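Novice: Would you be able to build a 3D model of this:
(2 chains)
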Amino acid sequence: MTAAEALEQLKKAGLGDGVELFAGPKDAALLVTRERVKQLLRHLRDSRPFSCDLLLMITGTHMTEKRAPDKTTPDGVDVNGGVVKGTTVKGALLREAGFEVIWHLRSVAKHHLLAVKCRLPLADPRVDSVADLWPAADWHERETWDLLGITFTGHPNLRRILLPESWVGHPLRKDYVAPKEFEGINLEVDAPWPTP
Amino acid sequence: MADPMTAPAKPQIEPAKPQTAPARTLVLPGDPRPPDVHVDVRTQELQINMGPQHPSTHGVLRVAIWVDGEIVTRAEPDIGYLHRCAEKIGESVSCIQYVPYTDRYDYLAAMNNNLGYCLAVEKVAEIDVPEKAQYVRTVAVELNRIGSHLMAVGTYGLDLGAFTPFFYAFREREEILRLLEWICGARLTYNFIRIGGVMRDLPEGFAADTRKFLDLFETRLDEFNDLLTHNHIFVNRTANVGVISPDMAIAYGLTGPNLRGSGLRYDLRREQPYLLYDRFQFDIPVGTGIKGTVGDCWDRYWVRMLEMKESVRIVRQALDQMPATGEIMAKNVRHLAFKSKPGEGYLGIENPRGELGYYLISDGGANSYRSRIRAPSFCNLSILEAILPGTMLADAVAIIGSIDIVLGEVDR
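Specialist: Got it, this is the predicted structure:
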């Protein structure tokens, strides 16, 4: 089942509100508003045509703003010989800044793979946890919180999983700056060897 | 729940509070004593630390285990000791440069990791791989799968105190490492499968040598079965221990031999054939509970033993069908200035440990914008929290070993 077929099915079942098709150049996904994420995932798991019972992974991406290159017209000369300043037009917005969370679901019985995607604003990256639907989601949500700082509301135990508890920041954010020092350990690349 | 963005982090492991455990009503299977005897024995809950330096955790895994007497009441795996920023590196080096890094995640099945990443890049960048290269890839990954399973079953015996089978498994694995060294020069981290094809063609005489090895290997598998598989002590330690029901396996996202050990016939080589797996004949072994219950440790072990036989069949067929000459690298890959087309894609392959998936986002540059690894060991390990409570402490080793994790992949 492709994402387009899944959307057809959802519309037939009256669950198409807030769901649209994310048609990337390669993989398609169901793009859903964050209020509807949990309801949709539960439906995909439980209803017969989908039966996506295996949660493969949950992950996120920090999307930075992307604009087309600015357009600048060169300086010109008017009829009187004076200089006319060229103008700069800011490039069109190609991609808004924010977070994307993606859930990959596989159906063991029906052998298909579906992806569900949700866009979150940069300032408030939070989305419902599905740890009560799939126990597998527990560690994936913890990892996404650890590395990207996306909060999964309702998660029973949202704390770091790969990094130490006292680590500051979320390394997979594009604006992350690696610390110079962590708990007395010098992390600079060209740091001198410690003297005993 | 407190907001984790602002609230101070909870301590990782709560210190065990000295307390008197409630009267124990747990009765061990096969124990003839009536439960009252146990109720009289009051014990204190004790927290013990298994790992990170422990021979049976197969790397740097720490499991905090709470025991009441000899029975595990709670277990909490603590991971991250081998975290090497795999995904951050994936964003900061080019796709071509990233291939050797993938070797280091599941270092026992490095060929499979190369393959998973290359297939995902090829999917996003729309690269067609020549047929000959696909056969060479199949031979390499299936030999690597045998090597990886040999390591899994060999060290599993070692975990349970059977020392000799380990050496028999390593004798066979050594042969495989020799064959793989012959084709690419490395014994563990191969970097043999490249984006668009493979590094080089199989050397002359490789097919004949491999066939000779496969013939010998099949007889040696029987020897291994006599030594370990049907060994009475080994069966007693593994049958009916750590039973994972099919529903539970799916809920925890188990894949690979662990899922098939629970009786589910699910193999990506069959369900979503990549490479040329639709051209080969092979069976998908599943756990049937011969020695105990479906989904116990012995079943998971036995699935791996049977899978090695199937890999032998696949390698033989691949060597038979392989064209004598042909391109081994796609034409349109400009390795020095490789840029992927913008797009995103997920691709999963059947690693020896389960479904290894790479989710890549490219925005048209040389580097991936995002490269996420769906590591099978990471997902498989999370079931420990659920299956350890209620078992004997000594069985914890048997259960962890039967899940067959590689910590390089868990922590990435």
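
Novice: Tell me the residues of the stretch 101-250 of chain B that contact chain A?
Specialist: B:123-124, B:250 (C-beta under 8 Å from any C-beta of the partner chain). Where C-beta positions appear, they are placed from N, C-alpha and C, glycine not excepted.

Novice: If you rank these by neighbours, which is first?
Specialist: Most neighbours among those, by other C-beta atoms under 10 Å in any protein chain shown: residue B:124, with 26 neighbours.

Novice: remind me which residues of chain B are low pLDDT?
Specialist: Regions of chain B meeting the criterion pLDDT under 70 cover residues B:1-42, B:57, B:334-337.

Novice: re earlier: residue B:151: which of the residues of the stretch 101-250 of chain B next to chain A is nearest?
Specialist: Checking those against residue B:151 with C-beta to C-beta, the nearest one is residue B:250 at 26.6 Å.

Novice: Send me the host helix or strand of that closest one as PDB with only the CA atoms.
Specialist: Element membership of residue B:250, judged by DSSP states H and E, is helix B:246-251. The C-alpha coordinates for helix B:246-251 follow below in PDB (Å, rounded to 0.1, in the frame of the first residue of the first chain):
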ATOM      1  CA  PRO B 246       4.700 -13.200  18.700                       C
ATOM      2  CA  ASP B 247       2.500 -10.300  19.800                       C
ATOM      3  CA  MET B 248       5.100  -9.100  22.200                       C
ATOM      4  CA  ALA B 249       7.800  -9.400  19.600                       C
ATOM      5  CA  ILE B 250       5.900  -7.200  17.200                       C
ATOM      6  CA  ALA B 251       4.900  -4.700  19.900                       C
END
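
Novice: what's near enough to touch the residue of the stretch 101-250 of chain B found nearest chain A?
Specialist: Per C-beta to the nearest C-beta, residue B:250 is where the stretch 101-250 of chain B lies closest to chain A, at 5.0 Å. Residues in contact with residue B:250 (C-beta atoms under 8 Å, 6 or more residues apart in numbering or on different chains) are A:53-54, A:108, B:259, B:264.

Novice: do residue A:140 as well
Specialist: Going by C-beta under 8 Å, 6+ apart, the list of residues near residue A:140 reads A:55, A:57-59.

Novice: And residue A:105, by the same measure?
Specialist: With C-beta under 8 Å, 6+ apart, residue A:105 has these contacts: A:41, A:44-45, A:52, A:54-56, A:113-116.

Novice: and if we set it to 7 Å?
Specialist: If you count contacts by C-beta atoms under 7 Å, 6 or more residues apart in numbering or on different chains, residue A:105 has them with A:44, A:52, A:54-56, A:114.

Novice: And these, which two are furthest apart?
Specialist: A:44 and A:56 (12.6 Å).

Novice: on that earlier part again, closest one of the contacts of residue B:250 to residue B:272?
Specialist: Residue B:272 lies nearest to residue A:108 out of the contacts of residue B:250, by C-beta to C-beta, at 12.2 Å.

Novice: Hmm, that closest one is touching residue B:264, no?
Specialist: Yes. Applying C-beta atoms under 7 Å, one finds residue A:108 in contact with residue B:264, separated by 6.4 Å.

Novice: which one of the two has more residues nearby?
Specialist: Neighbour totals were compared for residue A:108 and residue B:264, and residue B:264 leads with 23 against 18 (other C-beta under 10 Å).

Novice: Which residues belonging to stretch A:58-77 are considered buried?
Specialist: For stretch A:58-77, the neighbour count (16 or more other C-beta atoms under 10 Å in any protein chain shown) marks A:58-63 as buried.

Novice: I'd like the mean pLDDT over that stretch, please.
Specialist: Stretch A:58-77 carries an average pLDDT of 83.

Novice: how long is it from one end to the other?
Specialist: From its first residue to its last, stretch A:58-77 covers 58 Å (C-alpha to C-alpha, to the nearest Å).

Novice: Quick check: phi and psi at the residue lying farthest from the centre of chain A.
Specialist: For chain A, the largest distance from the centre (C-alpha atoms, centre = their mean) belongs to residue A:80, which lies 55.1 Å off. Reported as degrees, to the nearest 10, the phi and psi values for residue A:80 are phi -90, psi 0.

Novice: Could you find the closest non-adjacent residue to the residue most central in space within chain B?
Specialist: When C-alpha atoms, centre = their mean is applied to chain B, the residue found nearest the centroid is residue B:353 (2.3 Å). Nearest residue to residue B:353 in three dimensions, chain neighbours excluded: residue B:376, at 4.3 Å (C-beta to C-beta, 6 or more residues apart in numbering or on different chains).

Novice: got the residue ranges for the helices in chain A?
Specialist: A:3-12, A:37-46, A:137-148 (DSSP state H).

Novice: now the residue nearest to the spatial centre of chain A: how far from residue B:161?
Specialist: By C-alpha atoms, centre = their mean, chain A has its centre lying nearest to residue A:100, at 1.8 Å. For residue A:100, the distance to residue B:161 equals 49 Å [C-beta to C-beta, to the nearest Å].
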